[in-house]
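Asker: Please work out how this folds:
(2 chains)
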Amino acid sequence: KNQVEQSPQSLIILEGKNCTLQCNYTVSPFSNLRWYKQDTGRGPVSLTIMTFSENTKSNGRYTATLDADTKQSSLHITASQLSDSASYICVVRGSGGSYIPTFGRGTSLIVHP
Amino acid sequence: DGGITQSPKYLFRKEGQNVTLSCEQNLNHDAMYWYRQDPGQGLRLIYYSQIVNDFQKGDIAEGYSVSREKKESFPLTVTSAQKNPTAFYLCASSKIDGGTGELFFGEGSRLTVL
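Answerer: Modelled structure (predicted):
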């Protein structure tokens, strides 16, 4: 069964600090992996997409990595801001015919001033 | 601007009543989805559709119904058979062919059963 596991479940950091969120998946065959940011009470928005051939991709202060061999991804947030407080969801899409993606449960990040 | 619109944003229902949540998109996407989100849990798929007049059950379809009479619209009805309907409901759409599968979400509808 396709699964996506995220850790930690929740994280509290001080403003200006860095943090790293983890995502492990079992989806196979693999097509791509996305990180979404979901603000409280809003719909998720895509931050970045990783395909099989990509190891690292940055989007401003967000940097995603992918190790397709170990089926692991991480999202690193640099110099956190209060607006980074949100849930970060890892979503993996397979290439085996079904276009339905598999969602992780998300990591809830709280940035304190 | 292209996007996906859900309404209402907040909805209160008495037990035993059916309610319908609206979802409209002008992105010309073929696929549309309904997800349910409960506190501390991930998004769970209720129904999805990839073409007009066709839809499939997701992981938690019991107590819900949908229709897809137009490409742009995918309303969700929460029936009285749904035992625990209080939740945050998210509608999404995506391309199927020629895209990377990015899901575009609406702003959500929060349903509370009184």
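
Asker: what sits against residue A:75?
Answerer: A:20, A:21, A:23, A:35, A:47, A:48, A:62, A:63, A:64, A:88, A:90 (C-beta atoms under 8 Å, 6 or more residues apart in numbering or on different chains). Just so you know, the C-beta spots here come from the backbone N, C-alpha and C atoms, and that holds for glycine as well.

Asker: Chain A against chain B: which residues are in contact?
Answerer: Residues of chain A that fall close to chain B, judged by C-beta under 8 Å from any C-beta of the partner chain: A:31-32, A:34, A:36, A:41-46, A:49, A:51, A:89, A:91, A:93, A:99-101, A:103-106.

Asker: Write a ChimeraX command that selects only the buried members of the residues you listed.
Answerer: Typed into ChimeraX, the line below selects the buried ones among the residues of chain A next to chain B, using 16 or more other C-beta atoms under 10 Å in any protein chain shown:
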select /A:31,32,34,36,42,43,44,46,49,89,91,93,99,100,101,103,104,105,106
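
Asker: and the contacts of residue A:75, which are buried?
Answerer: For the contacts of residue A:75, buried by 16+ other C-beta under 10 Å: A:21, A:23, A:35, A:47, A:48, A:62, A:63, A:64, A:88, A:90.

Asker: I figured the second one was touching residue A:76, is that so?
Answerer: No: with contact taken as C-beta atoms under 8 Å, residue A:23 and residue A:76 are classed as non-touching, separated by 12.0 Å.

Asker: Please look at residue A:44 and residue A:36 and confirm they touch.
Answerer: Yes: using C-beta under 8 Å as the test, residue A:44 is close enough to residue A:36 to be in contact (3.8 Å).

Asker: so what sits against both of those two?
Answerer: Overlap of the contact sets of residue A:44 and residue A:36 (by C-beta under 8 Å, 6+ apart) consists of A:89, B:103.

Asker: In terms of helices and strands, where is residue A:27?
Answerer: Following DSSP states H and E, one finds residue A:27 outside all helices and strands.
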